[in-house]
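In: Curious how this folds, go ahead:
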Amino acid sequence: MTYPVLEVSDVTVRFGGVVAVDGASLTIKAGELIGFVGPNGAGKTTLMRVITGIIKPDEGQVLLGGKDLAGLAVNQRIRAGLALAQQIVQPLKAMTLLENVALACGAEKTRNPFSAMVSFDRDAENRRALELLSRVGLREAANLEPAKLPLGYLKRLEVARALALNPQLLLLDEPLAGLNQSEASELADLIKALNADGLPILLIEHNLREVMRICPQVYVQDQGRPLAFGPTEEVMSRPDVIQAYMGGNTNAAGQ
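Out: Predicted coordinates:
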């Protein structure tokens, strides 16, 4: 039986008397690229943290490949096939880009302390890391340290480290934040290319121009509640979405 890659069903999260997420439901199938948008305070980050296991929902269920993730810690969800590229990039500054990615490539070896102690050969991890750096356009910077590179390079490094985990699903948390429009477009093109290779991606992003350009479908959340889900152009032209997300500015969807 074939299952959707990710199923989020009726997830609700409360912080005291505040409902941060209210009945969120979302399904991602194999090969899909879905933009996850909404105004500030819509509960996007909270729902992402539920998916990754940082926050336990008060109600609802999250399935990955048909498997219930309830009770699994963050590291267990990563091993089950989730990978997250975070908005705030925190590479290991004392290591080169190659070493940063190679460390992620060797995550399976570090799962068992004994295996980690007796595994000295890093050739396979280094080869794979170089392949991934090439894939994200960073091969020429492989032997440089993160501190010497601009934010655009570090965002690509974060994607490469996530890809090193061989995920079933890639979660991207505002990868375009802080980039100029040229850098944002180039990174958006990379995201689209990764998806074209068959990788399912859920993209949380405020840059609507790029979301609308690369994402065939969007999921809109407002005040913690699901508002719309479907074809991007259709959803983003809905009056309720325009009102909630753009404050009634009908031209904002094209910006």
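In: residues touching Leu190, list them.
Out: Val136, Gly137, Arg156, Val159 (C-beta atoms under 8 Å, 6 or more residues apart in numbering). Just so you know, the C-beta spots here come from the backbone N, C-alpha and C atoms, and that holds for glycine as well.
In: hang on, it is in a strand, isn't it?
Out: No - assessed with DSSP: H, G, I helix; E, B strand; the rest coil, Leu190 is helix; it does not lie in a strand.
In: Kindly state the pLDDT recorded for Pro239?
Out: pLDDT, Pro239: 94.
In: Would you state the helices of this protein in chain order?
Out: Taking DSSP state H, the helices of the chain run over residues 44-52, 74-80, 97-105, 107-110, 113-118, 123-135, 151-163, 181-196, 208-214, 232-236, 239-246.
In: Apart from its neighbours in sequence, what residue is nearest Leu138?
Out: Nearest-residue entry for Leu138: Arg156, 5.4 Å, with adjacent residues in sequence omitted and distances by C-beta to C-beta, 6 or more residues apart in numbering.
In: isn't that neighbour right next to Arg135, touching?
Out: No - judged on C-beta atoms under 8 Å, Arg156 makes no contact with Arg135 at a distance of 9.4 Å.
In: and the two? which has more neighbours close in?
Out: The residue with more neighbours, out of Arg156 and Arg135, is Arg156; 26 against 17, by other C-beta atoms under 10 Å.
In: Check Gln255 and give its pLDDT.
Out: In this model, Gln255 carries a pLDDT of 38.
In: which one of the contacts of Leu190 is nearest Glu233?
Out: Glu233 has its nearest neighbour among the contacts of Leu190 in Val159, at 26.1 Å by C-beta to C-beta.
In: neighbours around Glu131, how many?
Out: 15.
In: Relative to Ile34, how far out is it?
Out: 26 Å (C-beta to C-beta, to the nearest Å).
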